[in-house]
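Enquirer: Kindly generate the corresponding structure for this input.
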Amino acid sequence: MTVIARRRAKVDDRHREFLPDSEDSDPREVLDYLQRYSGSDIPRWVLQADVCDALTLNNWLWWEDRRRELHFLKAGRARGLFLTQLGAQVGVGKQGVLDRIDRLEALLRYDRPDEKITRAARQAAHSAEHRRSTEVHWLEQHRDEVRALAAALVIQAGSFELADEDREWIDELAIDVRDEVMTPATMVVLGLAAGELRTSREVLALDSTRPQKVHTILARADDLRCKFAAVGSGRGHARECG
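Expert: Modelled structure (predicted):
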């Protein structure tokens, strides 16, 4: 939200005073603002970056809504409401309420909407540990490739002279490159850094019909993160990455 606010301030958005800009602002109010004040008076590069950040906020809200729904379903049971009463509010029957609670608990605990997970928690925990060890092994095998790509992304950010406030994750990635730290968390930072560079004013202003070096590096970052995401999932790279 602060990134959106800083970007709008740079272009002298005449409606800027209506944009919530504190870290504890309601994301929905920010999304409402972007829907209402995104006319032709706003530069195209700003509108493009707004879309990317708005989708990130919307995704966060979706998860937050799932957490709230789970809270109140469980609260309803704890307070003595019948399953039929709860089900009437969400359009399901008695068993549907129980399945919905299981599904939400599984979704929020393991990021997978499968109610069977909570009924086999030990197996899921074992699978998660195996996946992590597999990810670490993959990183060891691809360490040089990841480090070279991360370094290239940082160099590109430097060549475009991004402002300090526009490269929070890029700077974090630079630290990992400098310290030669390559962990699963590094791959997350790589994705966030790529997002900062991709939505920067300087990169969005480039002619997209003639891909430049930065576009190639961003595409390589997407591909590498896609391969990493498929590690330990039991699915092939082709299916995972299209």
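Enquirer: Ala205 versus the residue positioned nearest the centre of the chain, what's the distance?
Expert: Nearest to the mean C-alpha position of the chain, counting by CA atoms, centre = their mean, stands Thr56 at 5.9 Å. From Thr56 over to Ala205 the distance is 21 Å, taken as CB to CB, to the nearest Å. Heads up, the C-betas are built off the backbone N, CA and C, glycines and all.
Enquirer: Excluding covalently adjacent residues, which one is nearest to the residue nearest to the centre of the chain?
Expert: Spatial nearest neighbour of Thr56, chain neighbours left out: Gly195 (8.0 Å); criterion: CB to CB, 6 or more residues apart in numbering.
Enquirer: Same check on Leu173?
Expert: Ala193 (4.3 Å).
Enquirer: Would you tell me which helix is longest in the chain?
Expert: helix 44-78 (DSSP state H).
Enquirer: Can you point out the buried residues in that helix?
Expert: 45-46, 48-50, 53-54, 56-57, 70, 73, 76 (16 or more other CB atoms under 10 Å).
Enquirer: Toward the C-terminus, what is the element adjacent to it?
Expert: Sequence-wise, the next helix or strand downstream of helix 44-78 (DSSP states H and E) is helix 83-90.
Enquirer: what pLDDT, on average, does that following helix get?
Expert: If you average the pLDDT over helix 83-90, you get 90.
Enquirer: Stretch 219-235 too?
Expert: 79.
Enquirer: Show me what counts as buried in that stretch.
Expert: Neighbour-count burial for stretch 219-235 flags 220-221, 224-225, 227-232 (criterion: 16+ other CB under 10 Å).
Enquirer: Check the gap between the residue nearest to Thr56 and Asp102 for me.
Expert: Gly195 sits 33 Å away from Asp102, going by CB to CB.
Enquirer: Run a quick check on the residue nearest to Thr56 versus Arg167, I expect a contact.
Expert: No. Contact criterion CB atoms under 8 Å: Gly195 and Arg167 do not qualify, at 11.2 Å.
Enquirer: Compare these two (neighbour count), which wins?
Expert: Arg167 (21 against 18; other CB atoms under 10 Å).
Enquirer: what about stretch 36-45, how long is it end to end?
Expert: From its first residue to its last, stretch 36-45 covers 17 Å (CA to CA, to the nearest Å).
Enquirer: no wait, stretch 78-98
Expert: OK, stretch 78-98 end separation, CA to CA: 13 Å.
Enquirer: What distance do you get for the closest residue to Asn58 other than its chain neighbours to Thr183?
Expert: The shortest distance from Asn58 to any non-neighbouring residue, by CB to CB, 6+ apart, is to Leu31 (6.5 Å). To Thr183, Leu31 is 33 Å away according to CB to CB.
Enquirer: Save the buried residues of stretch 219-235 as JSON lines, and put in distance to Arg7 too.
Expert: JSON lines is the format used below for the buried residues of stretch 219-235 (distance: CB to CB, whole Å):
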{"residue": "Arg220", "distance to Arg7": "26"}
{"residue": "Ala221", "distance to Arg7": "22"}
{"residue": "Leu224", "distance to Arg7": "27"}
{"residue": "Arg225", "distance to Arg7": "24"}
{"residue": "Lys227", "distance to Arg7": "31"}
{"residue": "Phe228", "distance to Arg7": "29"}
{"residue": "Ala229", "distance to Arg7": "28"}
{"residue": "Ala230", "distance to Arg7": "33"}
{"residue": "Val231", "distance to Arg7": "34"}
{"residue": "Gly232", "distance to Arg7": "37"}
